[in-house]
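> Model the following, please.
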Amino acid sequence: MPLNLAHTTPMVPQPDILLAHADPAVRAALARTLGAAGHRVAEASSGDECLRLTAELRPAVALLAHTLPDLDGPAVCRALRAGQGTRHILCALIADAPLSGHDAAAQADLADAWLVRPFGDPELLALVRLLLRTSAAEQHRLLPAGAGLRLLRASAAEQIGSAGSEPIEVFYQNIVQTAMDGFWIVRASDARFLTVNDAYCHMSGYSRDELLAMCISDIEAIENPQDTAVRISRLRCQGHDCFETRHRRKDGTLFDVEVSVRVHAIERGEALIVVFARDITASKQAQETLRRSEARYRSLLSAIPDRVFRHDAEGRFTDYHAPRDTTLIMPPEMFLGKHYHEVVPPEISEPFAAALARARRSGQVERFEYDLPASDGTSHSFETRVVASEDQDVVTIVRNITDRRQAETAQEHLGKELARKNRELEQIVYVASHDLRSPLVNVQGFSRELQASLEELRHAIAALDIPAEQRAQIAFLTENDIPESLSYILTGVSKMDALLKGLLRLSRLGRAALCIAPIDVGQIIAETLIAFDFQIKQAGVRVELGALPRCKGDPLQVGQVFANLISNALKYLVPGRLGMITITGERADGMAVYCVADNGLGIAAEHQDKIFELYYRLDPARSEGEGLGLTIVRTIVDRHGGWVRIASTPGVGSQFFVALPETL
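Just a heads-up that it's a prediction; the model follows:
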């Protein structure tokens with residue numbers, strides 16, 4: 001960056017370039033270009049100030065406008081040449097237009113170099129680098145003092161005419177050949193190389209001798225020889241140019257170059273073209289990578305259904321993205337470049353400011369939600385996410401969540417309605433199972449009274465003297481028909497009573513409060529096995545226990561789950577086969593998953609989805625019960641937020657998997 005001399009301290013490195021120009025805007029633009037390239041620049045606005053600063057700062061190069069207040073550029077150059085402490089400073093004059101023939105001849109030797117506007121940044125920087133290298137070579141006595149760029153013009157003439165002198169050879173060896181950019185001189189008449197430096201030999205892969213036997217069209221990969229001739233002809237008219245092209249290396253590969261050229265006229269009428277070339281392949285590749293990255297970013301951004309805004313560190317809108325099917329609450333020209341407080345209503349800007357402060361402190365994404373009225377009288381809901389980057393820029397993502405809010409509201413309403421229906425259903429089941437037992441008890445009681453009355457009737461009839469035929473008919477009724485009917489009634493009543501008791505038990509299970517606590521499942525299963533000890537020994541079953549992780553739940557109800565599963569395993573063993581029950585467990589996805597496996601009859605695939613249904617019994621004739629055991633298992637596990645599954649193969653056995661929340 002340009003050096004502010006008013007605040008210079010002894011610790012600040014001295015400037016290597018003094019820039020003098022009367023126009024502040026032009027001076028600032030040139031200083032920015034030089035500063036961005038890493039040069040230290042001091043600035044002056046007049047000839048007198050320029051002489052004062054050069055005496056104080058002793059820069060290596062003075063870059064002077066041809067026209068300056070007080071003293072013009074040529075006069076400053078003369079003064080510097082005459083000064084004992086400033087004669088080493090190399091001067092370059094900036095002219096707004098080419099000088100007339102008389103002026104050009106008179107002033108040609110005043111400066112070490114000339115720049116004629118317009119010129120580009122590459123040409124400016126190339127000239128400054130060459131001047132600085134020339135100055136360094138003179139200071140290290142690699143060049144005669146004061147040789148400067150006049151040797152370059154002289155050397156070009158020498159390449160066409162007579163043999164070069166020793167200072168010219170030294171100049172090329174120490175300045176041109178050490179340049180990092182490619183450099184060459186070609187004849188304008190046939191575009192053949194006259195001289196070339198090591199840097200371009202390295203770029204192209206050719207040796208110097210090979211290049212000196214070639215012309216521009218041999219290395220140019222884009223232009224054909226006719227185009228090159230047209231360009232040279234145009235160069236001879238305008239005197240300079242700066243452009244990008246591609247060159248071909250010796251191995252056939254191509255590389256991008258930025259070329260800065262200037263035509264120099266020699267006394268014998270031959271024109272020379274002086275060329276600086278910089279390899280910009282890496283820069284081009286970086287630009288292409290950036291372009292592709294931006295294209296991917298834009299394509300991804302276009303697929304995002306959200307509005308995206310970017311703010312600078314002060315909170316001003318700098319960019320935005322809006323999906324095609326959405327509209328902004330105001331046109332972009334009303335908010336771009338403005339602070340969010342200026343354009344966003346307080347009900348948004350205030351929570352946004354709070355979220356932004358949190359995001360900058362935490363480095364995390366911060367969210368907040370708000371509602372805005374729509375033009376149709378409805379209200380729309382939005383969620384805003386705020387992200388603060390390291391450079392303090394802010395990205396805001398705004399999503400319309402109206403549909404989500406409505407869905408959440410509807411889901412909440414349905415959840416409440418479902419809970420109400422479930423409570424009603426539980427109440428109905430409870431009342432039905434409880435109240436239906438009252439008349440059932442009456443039926444059962446009166447049926448037993450009928451049995452007792454029937455017995456009394458038998459004794460009474462036995463004491464009567466009635467005909468044999470009538471006695472036989474009465475005996476059939478009292479000994480066979482009526483007892484059989486009463487037996488059917490009592491059996492049905494007993495079955496109905498068992499079903500109602502099971503239904504009542506299931507209803508109470510769903511209504512009972514859960515007492516959640518950490519559970520030692522291994523201890524619960526051990527206690528359950530003690531309760532089944534008689535059945536296990538009677539059936540000759542071997543039970544194996546693996547590692548059983550702890551879980552969270554109601555100990556009584558979790559114990560009921562394993563009791564029902566073990567009971568089922570004992571009921572459906574294969575006769576004649578040694579029974580085996582294995583109980584294991586593991587942790588998975590925050591759950592404790594237990595497996596109760598047996599080698600019993602197994603369950604066919606068509607029955608596996610039904611066995612958890614109410615009153616479903618796989619083989620009623622084989623086992624007792626009401627078909628509620630697995631229904632109770634599923635009910636308890638569901639209430640605990642877990643799941644139960646089965647894997648079974650007929651004739652091989654079954655595996656019941658139960659998942660319950662694990663404890664920490």
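
> Could you tell me whether I94 really is in a strand?
Yes: membership of I94 in a strand is supported by DSSP: H, G, I helix; E, B strand; the rest coil.

> Touching, it and R117? I think so.
Yes: under the criterion of Cβ atoms under 8 Å, I94 makes contact with R117 at 6.9 Å. Any C-beta I mention is one placed from the backbone N, CA and C, and that applies to glycine too.

> Sketch out the low-pLDDT regions of the stretch 451-600 of the chain for me.
Counting by pLDDT under 70, the stretch 451-600 of the chain contains low-confidence ranges at 495, 498-513.

> SS state for the residue lying closest to V521 once chain neighbours are set aside?
Nearest non-adjacent residue to V521, counting by Cβ to Cβ, 6 or more residues apart in numbering: L548, 4.6 Å away. Following three-state DSSP, L548 is assigned to coil.

> before we move on, back to that, more crowded one of I94 and R117?
Per other Cβ atoms under 10 Å, whichever of I94 and R117 has more neighbours is I94, with 23 against 13.

> Leaving out the residues flanking it, which one is nearest to R310?
R310 sits nearest to D319 (Cβ to Cβ, 6+ apart), 4.2 Å away.

> pretty sure that neighbour is touching D312, no?
No: D319 is beyond contact range of D312, at 9.7 Å (criterion: Cβ under 8 Å).

> Report the contact partners of Y340.
311, 315-317, 349, 352 (Cβ atoms under 8 Å, 6 or more residues apart in numbering).

> Repeat the analysis, applying 7 Å as the threshold.
Residues near Y340 by Cβ atoms under 7 Å, 6 or more residues apart in numbering: 311, 315, 317, 349, 352.

> cool, D312 as well?
318, 393.

> That one and H39, how far apart?
D312 is 29 Å from H39, where distance means Cβ to Cβ, to the nearest Å.

> measure C237 to T245 for me?
C237 is 20 Å from T245, by Cβ to Cβ.

> likewise L372?
L372 is 55 Å from T245, by Cβ to Cβ.

> Quickly note the distance from the residue lying farthest from the centre of the chain to A472.
For the chain, the residue at maximal distance from the C-alpha centroid (Cα atoms, centre = their mean) is D465, at 105.3 Å. From D465 across to A472, the span is 15 Å (Cβ to Cβ).

> do the same with E484
Relative to A472, and taking Cβ to Cβ, E484 is found at 17 Å.

> With I280 instead?
126 Å.

> cool, and A42?
143 Å.

> burial of V658, as a residue count?
By other Cβ under 10 Å, 26 other residues sit near V658.

> whoops, I mixed them up, V41
24.

> hmm, back to that, of C237 and T245, give the one with the bigger neighbour count.
For C237 versus T245, neighbours defined as other Cβ under 10 Å are more numerous around T245 (16 against 7).

> Quick one: residues contacting H247.
204, 219-221, 255, 257.

> With R236 instead?
So R236 contacts 188, 263, 271 (Cβ under 7 Å, 6+ apart).

> you'd agree the second one is up against Q238?
Looking back up the chat, that one is V263. No: the pair V263 and Q238 fails to qualify as a contact (Cβ atoms under 7 Å) at a distance of 8.3 Å.

> What average pLDDT does stretch 253-271 get?
For stretch 253-271, mean pLDDT is 77.

> With neighbour numbers in mind, choose between I280 and A472.
Set I280 next to A472 and count neighbours by other Cβ under 10 Å: I280 wins out with 17 against 9.

> Alpha carbons only: can I get stretch 287-303 in CSV?
Extracted C-alpha coordinates of stretch 287-303, given in CSV (Å, rounded to 0.1, in the frame of the first residue of the first chain):
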residue,chain,number,x,y,z
GLN,A,287,-9.8,-18.8,-12.2
GLU,A,288,-11.3,-21.8,-13.9
THR,A,289,-11.5,-23.7,-10.7
LEU,A,290,-13.1,-20.7,-9.0
ARG,A,291,-15.5,-20.4,-11.9
ARG,A,292,-16.5,-24.0,-11.7
SER,A,293,-16.8,-23.8,-7.9
GLU,A,294,-19.0,-20.7,-8.3
ALA,A,295,-21.1,-22.5,-10.9
ARG,A,296,-21.6,-25.4,-8.6
TYR,A,297,-22.4,-23.1,-5.8
ARG,A,298,-25.0,-21.3,-8.0
SER,A,299,-26.5,-24.5,-9.1
LEU,A,300,-26.8,-25.8,-5.5
LEU,A,301,-28.1,-22.4,-4.4
SER,A,302,-30.7,-22.4,-7.2
ALA,A,303,-32.0,-25.8,-5.8
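
> Good, we can wrap up now.
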